[in-house]
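1. mind looking at a prediction? Sequence and model below.
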Amino acid sequence: MAGTGTAHLRDASEALLRVEDLVVEFRSGRKQKVHAVTEVNLDVLPGETLGLVGESGCGKSTTGKAIMQLPPPTSGRVVFDGTDLTQLSGNDLRQVRTQVQMIFQDPISSLNPRRKVEEIIAEGLDIWKVGTKEERAAKVDEMLLTVGMDPEVAKGRRPFQFSGGQCQRISIARAVITEPKLIVCDEPVSALDVSVQAQILNLLEDMKAQYGLTMIFIAHDLAVVKNISDRVAVMYLGRLCEVGDPDVLYAQPAHPYTAALLSAIPVPDPTVRPDTRQTLGGEIPSPLAPPSGCRFRTRCPRADQVCKDQVPEMTEVAPHQYVACHHPIAPGESVASVELAGARA
Amino acid sequence: MTDPSPPPEPTAPSAAEAAPAPPVSPGEVLLEVTDLRTTFSSPRGPVRAVRGVSLTLRRGRTLGVVGESGSGKSVLSRSIMGLVPSNATRTGSVRFAGTEILNADAKVMRSYWGDQMAMVFQDPMTALNPVLRVEQQITESLHEHIDLTKKQARDTAMQLLESVGIPEPARRLRMYPHELSGGMRQRIMIAIALACGPRLLFADEPTTALDVTVQAQILDLLQTMQQDRQMAMILVTHDLGVVAGRAHDIAVMYAGRIVEQAPAASLFAHMRHPYTEALLRSIPKLEMSKHTRLDAIGGRPPDLVNIPEGCAFAPRCPHAQDRCLTEDPQLVPDPADPDHLYACHFPVHGVLAAATPVTVGAASGADAGASS
């Protein structure tokens, strides 16, 4: 997996966001480097939702932050609406940031506890002095109503007076009020209960339709990602494994890692015995010294010498499905034959 | 820790005296909870976190307790174990292997904790002591309950680490929690909980902080350990998917009460309570096609200080009628199936649970399951 290549990218002129050869490295101790994101290529068309999935430490959040230039990536290009964000700085970048907003994982700690909800939501408008004070206040009310909160009750309160789900609604209002084109959602529902999660996912879909948003949705829950995405990209240890339409990719995963992730999801049905499904053994290797070639090879049942020597390239295995693997699972082949290494302790 | 109300019977023998609980063979009742109520005092008034829960757990069985945040599921397990803060009042009865332990003093409970009952907590990072090595944290309860030399305790700790699937146990024993990954830390937590061979294991959201792949590993491990040792286990979670294939019985909690309880297969096949049904419907499922609108439950769980009159779920329930707003439904057996209990005036005949098994590889794209 863990591949390189650009076969899955679409025409650059159509994309709202195009990420090319994105590399993010952090220095760690003496002469050591954390290879957080390596040669990632992505694109998002206007109005599309791209789901980015993987385990913790796979670089999905780092990718999202690098797109936001928080901090700017080590190398690579992030072309948004025709502008390479990595070349911008200072005022130009600030200007662009009104167009690109982010929603964070922890709804409570991502809101300033000392400020009132109306101040939090209006901040983007206040900074850019959009309209008069009254117009901004009206806009805040409108936004609160849209996210399903009563402006009269909510405006004057502070974040701690709300539940996690309500705080996430406030975060969504704050992100959408500057009328951005792109929203990066970094695990926006993973801290929430299933019942609230469903409310927030439905709300995001509504907001997307109402404001014509384009989204990057980062999450580790494959079912959630499938529900909201038009296209899904699976990441492992800083590289992309598989990109495709979720309906295709989930029905017939081509990458052994995607298959393993899918089979690890607990199914709310007692007739499915969890022990009959294969689980992925071992743990994600250290990004300080990622394996050579395909980064998934240390946990992959299909790995051989080629996987060790060569980084796999993205190739199209089916319409709308691209995989970076030397030995992809062929269509029709049962994944049950993939005995994942170390699955039996 | 201890309850302010007077103990109903002479307190059990102190820790110094021999094993406080008699042996219980597999299949026999180990834990019997009757009408347990836990109330916290707060400036806003009493918070009724657990409002009359009764349950029975046999050796070798797993009970899954499912509910949203604030349903009282965590407080329930802590109340049974006696791990509640001093502003909590508990009433009812908790019998462990035939002995009443609800009002036992802290000294007696100490002989139970670790030795007879243990808990695996949700967040392994904060549950482990960051300044102690793994070895010290595992051997702590061994030294407390069993007379072992340092060498023997160390060997036992090594065996435990091996049994929970940690490679290079000798090296790991020397490490501090921050040097380990989340999955490793949770394995250490399990090793600590299992150290003295408890007969009752509480797992309080043991996998919520972990990735799906690691979650599957940890749940497999808990299941293996439970079967090998014939422990009774209470698995607390908010995810019906986690308990579906792993618990023998499932209790669904809402606002401090059990609203539906049944063997897992029967619960999923014929769910009767509208809340259970709504909870299952709100989970996005893999077999749904993309952009399927989810059946969210409107509103929020009730404030435990002001629980509405009648059925606590009524304000959010699509089937609620006038009777639900005034009359509190009792947990009663289903006439057709005495093992299946529910508390609802107008039970549903949920059969939607027949979610297509996710057979990865087979074309599972066809939407089954939740047809609204």
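-> That came through, no problem.

2. any chance you could map the strands in the stretch 251-372 of chain B?
-> In the stretch 251-372 of chain B, the strands defined using DSSP state E, counting those that start in this stretch lie at B:257-263, B:332-334, B:337-342.

3. got the residues of the stretch 1-150 of chain A near chain B?
-> Counting by C-beta under 8 Å from any C-beta of the partner chain, the residues of the stretch 1-150 of chain A lying close to chain B are A:55-56. Just so you know, the C-beta spots here come from the backbone N, C-alpha and C atoms, and that holds for glycine as well.

4. from the stretch 1-150 of chain A, which residue is nearest to chain B?
-> Nearest residue of the stretch 1-150 of chain A to chain B: residue A:55, at 4.3 Å (C-beta to the nearest C-beta).

5. the strands in chain A, which residues?
-> Ranges of strands within chain A are A:17-28, A:32-44, A:49-53, A:75-80, A:83-84, A:100-103, A:182-186, A:214-219, A:231-236, A:239-244, A:315-318, A:321-323, based on DSSP state E.

6. and of the ones you listed, who's closest to residue B:66?
-> Within the strands of chain A, the stretch nearest residue B:66 is strand A:214-219; the backing value is 21.9 Å (C-beta to C-beta).

7. what's that closest one packed up against?
-> Packing contacts for strand A:214-219, counted by 3 or more C-beta pairs under 8 Å, 6 or more residues apart in numbering or on different chains; DSSP states H and E, involve strand A:49-53, helix A:60-67, strand A:182-186, helix A:194-211, helix A:222-228.

8. enumerate every residue touching residue A:313.
-> A:3-5, A:7, A:324 (C-beta atoms under 8 Å, 6 or more residues apart in numbering or on different chains).

9. most neighbours, which of the residues you listed?
-> Most neighbours among those, by other C-beta atoms under 10 Å in any protein chain shown: residue A:3, with 32 neighbours.

10. these two touch, right, residue B:270 and residue B:340?
-> Yes: the criterion here is C-beta atoms under 8 Å, and residue B:270 meets it with residue B:340 at 7.1 Å.

11. between those two, which contacts overlap?
-> Each of residue B:334 lies in contact with both residue B:270 and residue B:340 under the rule C-beta under 8 Å, 6+ apart.

12. tell me where the stretch 51-200 of chain A has helices.
-> Counting by DSSP state H, counting those that start in this stretch, the stretch 51-200 of chain A has helices at residues A:60-67, A:90-97, A:117-128, A:133-146, A:151-154, A:164-176, A:194-211.

13. how about the contacts made by residue A:194?
-> Counted by C-beta under 8 Å, 6+ apart, residue A:194 has contacts B:68, B:238-240, B:279, B:282-283.

14. what do you get for residue B:241?
-> A:265-268, B:283.

15. if we can go back for a sec, turn the helices and strands packed on strand A:214-219 into CSV, columns for mean pLDDT.
-> Shown next, in CSV, are the helices and strands packed on strand A:214-219 (pLDDT from 0 to 100):
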stretch, mean pLDDT
strand A:49-53, 95
helix A:60-67, 93
strand A:182-186, 95
helix A:194-211, 91
helix A:222-228, 91
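
16. and the ones you listed as JSON lines, adding distance to residue B:274?
-> Formatted as JSON lines, the helices and strands packed on strand A:214-219 follow (distance: least, C-beta to C-beta, whole Å):
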{"stretch": "strand A:49-53", "distance to residue B:274": "31"}
{"stretch": "helix A:60-67", "distance to residue B:274": "37"}
{"stretch": "strand A:182-186", "distance to residue B:274": "31"}
{"stretch": "helix A:194-211", "distance to residue B:274": "13"}
{"stretch": "helix A:222-228", "distance to residue B:274": "23"}
